[in-house]
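Peer 1: Quick check, what structure comes out for this input:
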Amino acid sequence: MLSSGMAGLGGLSSLLPAAVTAAARLAPAIGAAARALGGARGAAWSVEREPQAYKPVDDIIQDHVIVQSLEKTREAAKDPARVRDILTAAKERSFLTDRQPGPSEYVQGLTYEECATLLNVDVKNEAIMSDIFDTAFAIKERIYGNRIVLFAPLYIANYCVNNCRYCAFRQGNKALERSALSDKQLREEVAALQQQGHKRLLVLTGEHPKYTFDAFLMAIDVISSVRTEPCGEIRRINVEIPSLSLSDMRRLKATNHIGTYTLFQETYHRPTFKHMHIAGPKSDYDNRVQTHDRAMRAGLDDVGLGTLFGLYDYKYEVLATLMHANHLEREYGAGPHTISVPRMRPADGSDVSLAPPYAVDDANFKKLVAILRIAVPYTGMILSTRESAEMRRELLKLGMSQMSAGSKTDVGAYHRDDSKATEENLADLNGQFTLMDHRPVQDIVLDLMKAGYVPSWCTACYRKGRTGEHFMKIAKAGNIHNFCHPNSLFTLQEYLNSFGTDEAKQIGQELIEKESVTGLSESAQALTKRKLAKVNEGVRDVYI
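Peer 2: Numbers count the residues shown, from 1 in each chain. Below is the predicted model of the structure:
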């Protein structure tokens, strides 16, 4: 157990013994933290100044439980009746028909054995797979409706001291051109994203002393200050950055600009993690798992989890993700706000990325996405442009609630010109990994509307305090639709008025007219009509 403070000091005679005793108690923890976060050569991106005790990682990610659950449910997965019983029970839990809402938005839809049973279902069993997909879709529609939240990633720097075998930014990739955005370039990037219609960003950077955490905090201030005509502003900044100490988590929280703190474990399988992370602060498995605990203790209670599918058996990773989520809920009364499901794609200078050791085919990928939606019904699920446009269309039917649009993984790529020559040379730019969906934002918005989805840039719940227990009371009463749906329509109307093509405006207006009365109470319909009129009068950032 780490000491929470030094012993009381009486006089000069007691000062040195007390200080030495306290220092001796703290030294191992501080030394371990320093080594985990950068070593002794000044490479630390984030140094711990508030060492604390955390739950042992092997008690959070219980390898033996995962292995046993997968092994003991192999036969049950072949029994259609058993699988359907699991799906029926999971749907009931997600609809909150048999329980009172808890203090957070996290709801566990599956036990470990139930989840393992579904993971063991053979994708060739079309009847059972259809039931799994139908259940995932029903849960998604009940909670999220046909709303899809859009965002864009913004890479600030690609310097990195870590040597991860699957990543183009890894320290060992000497061919990569390294760079970091100046304040001027950062403003140009944000302005370019705003001119695409983006209101929500996921900000990323590598881990290196050439681009410090202090510089990152200043960049957050810059991003939040950018305004462009006609209505450009970023209303929510999420971050996916290196592991932080508790003290630096507090500094991040103090900016008052951060929505979600996201950190991928990459793989929860400890031997694989060690093999894939050759060197650098990121190679400390335990420190990485405990990062979300530090975020929670610092008051950053919107956290995002994720694994990189392809590094190890996807069944193991899904169960471990559920374990991690349950740990956060038990310890802090709030499970993860989001879970991302990236599949490994080719990355410059990485042989591993060209031939993933545990490649996940399309059929099994769709299965794991559907099972995750059933397992964590109220957690946002994020879909990146690592997947093709067609695969993304299919996955939207299986539980995805957020997706990136018009993404680029190169530092400074958004404010470059979009000429044909630039597009043809994308492979020569310094992206973190290969993208599969290169559609611009306006095409994605149009495709979503044609398919009956409502593109959304809403951030109202966070700003109105409709989170945690408050949110779940609304959910229990079945009133989510009366808040979230109108707000998504207001953001879509604002987008169409400012950036919509003639075709998009025609399709969008028809969609808004239909959705402004679908499933809403009479009072919600009236309020929606009034606020849509305000948007069309030029009022920005309208929400309930």
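
Peer 1: what's the domain layout of the chain?
Peer 2: Listed domain ranges for the chain are 57-64+104-417+429-438, 465-543 (source: the TED database).

Peer 1: Tell me which of the ones you listed sits most buried.
Peer 2: Comparing these by mean neighbour count (mean count of other Cβ atoms under 10 Å), domain 57-64+104-417+429-438 ranks first with a mean of 20. For every residue, glycine as well, the C-beta is placed using N, CA and C.

Peer 1: Tell me where the model's unsure across the stretch 51-200 of the chain.
Peer 2: Applying pLDDT under 70 to the stretch 51-200 of the chain flags residues 98-101.

Peer 1: Please repeat the previous calculation with a cut-off of 80.
Peer 2: Low-confidence segments of the stretch 51-200 of the chain, defined by pLDDT under 80, span residues 97-103.

Peer 1: same check, this time on the stretch 301-450 of the chain
Peer 2: In the stretch 301-450 of the chain the weaker segments, taking pLDDT under 80 as the threshold, are 416-433.

Peer 1: In a markdown table: the domains of the chain, plus distance to residue 83.
Peer 2: Shown next, in a markdown table, are the domains of the chain (distance: least, Cβ to Cβ, whole Å):
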| stretch | distance to residue 83 |
| --- | --- |
| domain 57-64+104-417+429-438 | 5 |
| domain 465-543 | 26 |
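
Peer 1: For the nearest residue to residue 140 once chain neighbours are set aside, which three-state class applies?
Peer 2: Setting aside the residues directly before and after it, residue 140 is nearest to residue 399 in space (Cβ to Cβ, 6 or more residues apart in numbering), at 4.6 Å. When classified by DSSP: H, G, I helix; E, B strand; the rest coil, residue 399 comes out as coil.

Peer 1: right, and residue 399 touches residue 141 too?
Peer 2: No. Using Cβ atoms under 8 Å as the test, residue 399 is too far from residue 141 to be in contact (9.7 Å).

Peer 1: For the residue nearest to residue 140, list the residues it contacts.
Peer 2: 136-137, 139-140, 369-370, 372-374, 381 (Cβ atoms under 8 Å, 6 or more residues apart in numbering).

Peer 1: Filter these down to just the ones in strands.
Peer 2: Using DSSP state E, residue 381 are the members of the contacts of residue 399 that sit in strands.

Peer 1: Endpoint to endpoint, stretch 46-55 covers what distance?
Peer 2: Terminal residues of stretch 46-55 lie 21 Å apart, using Cα to Cα, to the nearest Å.

Peer 1: got the buried residues for it?
Peer 2: 46, 48, 50-51, 54 (16 or more other Cβ atoms under 10 Å).

Peer 1: Mind giving me the packing neighbours of the host helix or strand of residue 259?
Peer 2: Using DSSP states H and E, residue 259 falls within strand 258-262. In terms of contacts (3 or more Cβ pairs under 8 Å, 6 or more residues apart in numbering; DSSP states H and E), strand 258-262 is packed against strand 236-240, helix 246-254, strand 303-306, strand 338-340.

Peer 1: Give the next helix or strand downstream of that strand.
Peer 2: helix 270-276.

Peer 1: could I get that next one in CSV with only the CA atoms?
Peer 2: Presented in CSV, the C-alpha positions along helix 270-276 are these (Å, rounded to 0.1, in the frame of the first residue of the first chain):
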residue,chain,number,x,y,z
ARG,A,270,-0.5,-9.9,-21.3
PRO,A,271,2.1,-12.0,-23.3
THR,A,272,0.9,-10.5,-26.6
PHE,A,273,1.1,-7.0,-25.1
LYS,A,274,4.7,-7.6,-24.1
HIS,A,275,5.6,-9.0,-27.5
MET,A,276,3.9,-6.1,-29.5
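
Peer 1: Rebuild the helices and strands packed on strand 258-262 as TSV, extending it with distance to residue 293.
Peer 2: Output for the helices and strands packed on strand 258-262, formatted as TSV (distance: least, Cβ to Cβ, whole Å):
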stretch	distance to residue 293
strand 236-240	17
helix 246-254	9
strand 303-306	9
strand 338-340	17
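
Peer 1: Quick check: which of the ones you listed is nearest to residue 475?
Peer 2: Residue 475 lies closest to strand 338-340 among these, at 16.9 Å (Cβ to Cβ).

Peer 1: Point out the other helices and strands that the closest one packs with.
Peer 2: Helices and strands touching strand 338-340, by 3+ Cβ pairs under 8 Å, 6+ apart, are strand 258-262, strand 303-306, strand 380-383.

Peer 1: In its sheet, which strands sit next to it, and in what direction?
Peer 2: When sheet partners are counted by DSSP bridges, strand 338-340 sits next to strand 303-306 (parallel), strand 380-383 (parallel).

Peer 1: how far does the last one sit from the chain's center?
Peer 2: Between the centre of strand 380-383 and the centre of its host chain there is 7 Å, according to Cα atoms, centre = their mean, to the nearest Å.
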